[in-house]
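*Asks:* Dropping the sequence and predicted coords here.
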Amino acid sequence: MSSGSFVEVPKDLLNEIERLEELFTVDTAKLKQITDHFVNELEKGLSKEGGSIPMNPTWVMSFPTGYETGTFLALDMGGTNLRVCQITLTEQKSEFDIIQSKYRMPEELKTGVAEDLWEYIAECLLQFIQTHHGDVTKLDKIPLGFTFSYPATQNYIDEGILQRWTKGFDIDGVEGQNVVPMFEKALEERGVPIKLTALINDTTGTLIASAYTDTKMKIGCIFGTGCNAAYMEDCGSIPKLAHLNLPPDTPMAINCEWGAFDNEQKVLPRTPYDVAIDNDSPRPGQQAFEKMIAGLYLGEIFRLIMVDLHDNHEVNIFAGQDIGKLRRPYSLDSSFLSAIEDDPFENLSETRELFQNQLGIDPNRSELELIRRAAELIGTRAARLSACGVAAISKKKGYKECHVGADGSVFNKYPHFKKRGAAALREILDWPAKANASDDDPIEILAAEDGSGVGAALIAALTLERVKKGNMHGILHPENFKDTV
Ligand code: GLC
């Protein structure tokens with residue numbers, strides 16, 4: 001939108017727009033400062049003392065060659081859906097077949113009791129296997145890659161000690177525990193014929209799935225309900241694993257859990273709205289970076305701005321209207337902002353309809369301008385801050401040219417997210433202007449392959465393969481690998 005569109009906007013509303021612009025704009029100098037601090041924090045997370053970014057070693061110890069084969073189950077327990085897939089990695093290089101079913105993750109399970117969660121998951125798996133394989137009592141155990149996308153300590157690939165819930169989950173009795181036995185108990189009780197081969201993070205899955213088809217892929221990112229990345233480190237650069245005496249040049253995928261970046265509030269330009277989100281979240285003080293970027297929070301930031309401008313500022317937007325619906329926490333998800341940013345009409349008629357239909361509010365023309373600008377500011381800040389993480393890993397690893405595989409609803413569906421992220425990366429890394437608009441950037445963030453399906457299967461395959469070759473590092477239950485190797 002050109003600034004010319006604001007001509008009609010009354011002075012006091014214009015002042016509010018300018019206040020928001022000041023709060024939410026992250027200029028190049030700030031992006032660079034954040035990135036430099038980020039590089040240090042990545043290092044700190046790998047050190048013996050640790051830092052606020054967990055930098056979890058995952059025991060994924062190689063990239064795929066494209067020649068992996070086998071049939072695997074994959075379970076994805078993300079933030080929004082539960083997905084079960086069966087993936088066959090075929091003889092054909094970098095090819096696979098997949099069948100899958102999606103199950104809704106009931107909202108009440110996210111803050112309920114642990115047993116209910118594991119029971120629900122086991123039931124979904126049972127249903128899937130019965131549908132595709134028939135009588136479960138006649139089946140050998142099928143190897144499974146479990147995508148558990150929360151920060152987990154893994155002393156072994158078939159273990160995951162939940163560090164803390166993220167993305168609004170809050171289930172008692174799981175933090176600090178290894179989730180694998182809880183999961184296996186629920187499977188056993190129902191006679192579900194599965195053996196867990198690998199517990200993985202969605203980012204690691206994304207990295208490996210993307211590298212299966214594109215060898216330039218060096219980083220896997222998720223910009224969805226949560227926000228995080230994984231990349232391949234050398235064991236020699238992971239001081240906190242030094243006691244294991246692994247060969248220094250052996251690769252080890254690191255799940256950064258960069259959502260926790262700047263929990264100690266050193267560099268991120270947090271607004272009062274970010275502070276409010278944090279205070280009212282189940283885990284205040286955690287996931288500072290994620291709370292400014294991820295899909296779970298974008299709509300909520302916007303909602304808080306709107307309510308604040310109605311209640312506390314002289315402009316008193318939506319004056320005289322009932323904003324009861326708008327007052328409900330987390331009632332707007334990021335697709336609401338996407339729709340505002342996607343409104344193609346100069347008079348923002350689609351945005352107006354959205355407000356009328358979903359919130360029972362009829363914004364006037366100037367308020368619509370403010371709404372649109374607020375959405376742009378939130379979406380732009382998210383994309384620009386995300387680029388700092390990608391730039392930091394690239395700087396740390398000395399990557400001048402590579403591909404970054406990205407997945408998640410914000411990356412795939414939020415308007416302009418890719419373009420804004422790419423522009424920020426260019427600013428941070430001081431790339432010269434492109435000679436031709438169609439030229440590739442040195443570091444490109446591209447749509448990833450399916451990490452929690454194909455990625456999980458690949459990691460299961462890579463793990464079986466390395467066990468076969470005698471690399472038993474980070475394997476807790478070798479017996480689970482026996483009949484398959
Ligand atoms: C949260 C989780 C992390 C996951 C990300 C994206 O940040 O802690 O494990 O990768 O969301 O789903």
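*Replies:* Sure thing, it's come through. Numbering: from 1, shown residues only.
*Asks:* Could you pull out the helices in the stretch 251-400 of the chain for me?
*Replies:* With helices called from DSSP state H, counting those that start in this stretch, the stretch 251-400 of the chain shows them at 272-279, 290-293, 295-311, 334-342, 349-359, 365-397.
*Asks:* So which of those is the most surrounded?
*Replies:* helix 290-293 (a mean of 26; mean count of other C-beta atoms under 10 Å). Placement of C-beta: from N, CA and C, glycine included.
*Asks:* List the contacts of it.
*Replies:* 166, 223, 226-228, 259-260, 268, 270, 274, 277-278, 281, 297, 301, 381-382, 385-386, 410 (C-beta atoms under 8 Å, 6 or more residues apart in numbering).
*Asks:* For the one residue in the chain that gets nearest to the ligand, give me its contacts.
*Replies:* Closest approach between the chain and the ligand, counting by C-beta to the nearest ligand atom: residue 226, at 2.0 Å. Contacts for residue 226 (C-beta under 8 Å, 6+ apart) come out as 79, 149, 166-167, 259, 287, 290, 294-296.
*Asks:* Please report the distance of it from residue 360.
*Replies:* Residue 226 sits 31 Å away from residue 360, taking C-beta to C-beta, to the nearest Å as the criterion.
*Asks:* swap in residue 131?
*Replies:* Distance from residue 131 to residue 360, by C-beta to C-beta: 42 Å.
*Asks:* got it, and residue 265?
*Replies:* 37 Å.
*Asks:* now swap in residue 253 and tell me
*Replies:* 48 Å.
*Asks:* What is the neighbour count of residue 78?
*Replies:* 20 (other C-beta atoms under 10 Å).
*Asks:* Go ahead and confirm residue 227 touches residue 388.
*Replies:* No: with contact defined as C-beta atoms under 8 Å, residue 227 does not reach residue 388; the gap is 11.4 Å.
*Asks:* by contact count, what packs against the helix or strand in which residue 102 is found?
*Replies:* Residue 102 is part of strand 96-104, with elements assigned from DSSP states H and E. Helices and strands touching strand 96-104, as assessed by 3 or more C-beta pairs under 8 Å, 6 or more residues apart in numbering; DSSP states H and E, comprise strand 81-89, helix 114-133.
*Asks:* Quick check: buried residues in that strand?
*Replies:* 96, 103 (16 or more other C-beta atoms under 10 Å).
*Asks:* Neighbouring strands - and their directions - for it?
*Replies:* strand 81-89 (antiparallel) (DSSP bridges).
*Asks:* The partner strand and the ligand, are they touching?
*Replies:* No: under the criterion of C-beta under 6 Å from any ligand atom, strand 81-89 makes no contact with the ligand; the nearest approach is 11.7 Å.
*Asks:* pull the CA atoms of stretch 161-173 into CSV?
*Replies:* C-alpha atoms of stretch 161-173 as CSV (Å, rounded to 0.1, in the frame of the first residue of the first chain):
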residue,chain,number,x,y,z
ILE,A,161,13.2,-36.2,27.5
LEU,A,162,10.8,-33.3,27.2
GLN,A,163,12.5,-30.2,28.3
ARG,A,164,9.4,-28.1,28.3
TRP,A,165,6.1,-27.9,26.4
THR,A,166,5.8,-25.2,23.8
LYS,A,167,3.1,-24.0,21.4
GLY,A,168,0.4,-23.7,24.1
PHE,A,169,0.7,-27.4,25.3
ASP,A,170,0.6,-27.8,29.0
ILE,A,171,0.2,-31.4,30.2
ASP,A,172,1.3,-32.3,33.7
GLY,A,173,3.8,-35.0,34.4
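*Asks:* got the contact list for that stretch?
*Replies:* Contacts of stretch 161-173 (C-beta under 8 Å, 6+ apart): 54, 56, 79, 109-114, 117, 150-155, 174-179, 225-226, 257, 259, 281-283, 286-287, 290, 294, 296, 330.
*Asks:* Just the buried ones out of these, please.
*Replies:* 54, 56, 79, 109-110, 112, 114, 117, 150-152, 154, 174-175, 178-179, 225-226, 257, 259, 281, 283, 286-287, 290, 294, 296.
*Asks:* Can you flag which of those residues belong to strands?
*Replies:* 56, 152 (DSSP state E).
*Asks:* can you list the residues of this structure near the ligand?
*Replies:* 78-79, 149-151, 166-167, 201-203, 222, 224, 226-228, 257, 259, 290.
*Asks:* So which of the residues you listed sit within helices?
*Replies:* 202-203, 290 (DSSP state H).
*Asks:* give me every residue that touches residue 152.
*Replies:* 56, 160-163, 179, 199, 201.
*Asks:* thinking again about what came up before, which of the contacts of residue 226 lies closest to residue 337?
*Replies:* Distance to residue 337 across the contacts of residue 226 (C-beta to C-beta) is lowest for residue 295, with 9.3 Å.
*Asks:* Just give the nearest non-adjacent residue to the closest one, would you?
*Replies:* residue 334 (4.1 Å; C-beta to C-beta, 6 or more residues apart in numbering).
*Asks:* close enough to count as contact, the one you found and residue 409?
*Replies:* Yes: Residue 334 lies in contact with residue 409 (C-beta under 8 Å); the separation is 6.8 Å.
*Asks:* between these two, what contacts are shared?
*Replies:* Joint contacts of residue 334 and residue 409 (C-beta under 8 Å, 6+ apart) are residue 295.
*Asks:* What is the burial count for the closest residue to residue 56 other than its chain neighbours?
*Replies:* Counting by C-beta to C-beta, 6+ apart, residue 56 lies nearest to residue 255, which is 4.5 Å off, once chain neighbours are set aside. For residue 255, the neighbour count with other C-beta under 10 Å is 27.
*Asks:* which residues touch residue 255?
*Replies:* 54-56, 58, 151, 201, 203-204, 228, 230.
*Asks:* If we use 6 Å, what do you get?
*Replies:* 56, 58, 201, 203-204, 230 (C-beta atoms under 6 Å, 6 or more residues apart in numbering).
*Asks:* In those residues, find the pair that's most separated.
*Replies:* 56 and 203 (10.2 Å).
*Asks:* Low-confidence bits of the chain, can you list those?
*Replies:* 1-5, 7, 483-485 (pLDDT under 70).
*Asks:* What are the contacting residues of stretch 106-116?
*Replies:* With C-beta under 6 Å, 6+ apart, stretch 106-116 has contacts from 117, 120, 169-171, 173-174.
*Asks:* Could you pull up the residues touching the nearest residue to residue 376 once chain neighbours are set aside?
*Replies:* Of all residues not flanking residue 376 in the chain, residue 341 sits nearest, at 6.4 Å (C-beta to C-beta, 6+ apart). Taking C-beta under 6 Å, 6+ apart, we find residue 341 in contact with 375, 379, 415.
*Asks:* Then residue 101?
*Replies:* Each residue near residue 101 by C-beta under 6 Å, 6+ apart is listed here: 84, 128.
*Asks:* returning to that earlier point: wait, which of the contacts of residue 226 is closest to residue 371?
*Replies:* For the contacts of residue 226, the nearest to residue 371 is residue 295 (18.9 Å; C-beta to C-beta).
*Asks:* from memory the closest one sits against residue 407, does it?
*Replies:* No: under the criterion of C-beta atoms under 6 Å, residue 295 makes no contact with residue 407, lying 12.0 Å away.
*Asks:* do you know how far the nearest residue to residue 401 once chain neighbours are set aside is from residue 230?
*Replies:* Distances taken as C-beta to C-beta, 6+ apart place residue 442 nearest to residue 401, at 4.6 Å, with adjacent residues excluded. According to C-beta to C-beta, residue 442 and residue 230 sit 21 Å apart.
*Asks:* Thanks again, I'm all set now.
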